[in-house]
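1. Any chance you can model this:
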Amino acid sequence: MPDVFTKEKRSEVMSRIKGKGNKDTELVMIQILRSNHISGWRRNQAVFGKPDFVFPKQKIALFVDGCFWHGCPKHSNMPQNNREFWQKKLQGNKERDKRVTRELRKLGWVVVRVWEHELKIPQKVAAKLKKFLG
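-> Numbers count the residues shown, from 1 in each chain. Model prediction:
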């Protein structure tokens, strides 16, 4: 089935999707951090790759990756419409994630990635973070 919007209109619609404050990921992560008394984190820091959360003292970059957008091996499903576009887009996202992780590690950062589906078990996410925080 073809897209109901022109390329220009689809581009406009997609550009309005927020990259910050996503209720399914970042805001849930804030709740997990607060309820587990994990402190020292900052958001919107000028760090390569734009991590969702940064622990500057420990040089930890925390990314909360959405299952669809970052190609979760358990939950990602390829849209049937415009398949070639989506394959290219999602593969590009995965390659960018690898590149960002590699570069941050070269700069001395510890990179922690949490999948969106992992947020459903807050204790597990908190334990994972505490392991890195020491």
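2. Residue 112 - that's part of a helix, no?
-> No: applying DSSP: H, G, I helix; E, B strand; the rest coil, one finds residue 112 to be strand, outside a helix.
3. Just list whatever residues bridge to it.
-> residue 62 (DSSP bridges).
4. so what's the residue nearest to residue 74 when sequence neighbours are not counted up against?
-> Distances taken as Cβ to Cβ, 6 or more residues apart in numbering put residue 117 closest to residue 74, at 6.5 Å, once the chain neighbours are dropped. Using the backbone N, CA and C atoms, a C-beta is placed for each residue, glycine as well. Applying Cβ atoms under 8 Å, 6 or more residues apart in numbering to residue 117 gives the contacts 67, 72, 74-75.
5. now do residue 116
-> With contact set as Cβ under 8 Å, 6+ apart, residue 116 has these partners: 24-25, 64-67, 72, 75.
6. for it, phi and psi?
-> phi -50, psi -40 (degrees, to the nearest 10).
7. now the strands for this structure?
-> 53-55, 60-65, 110-115 (DSSP state E).
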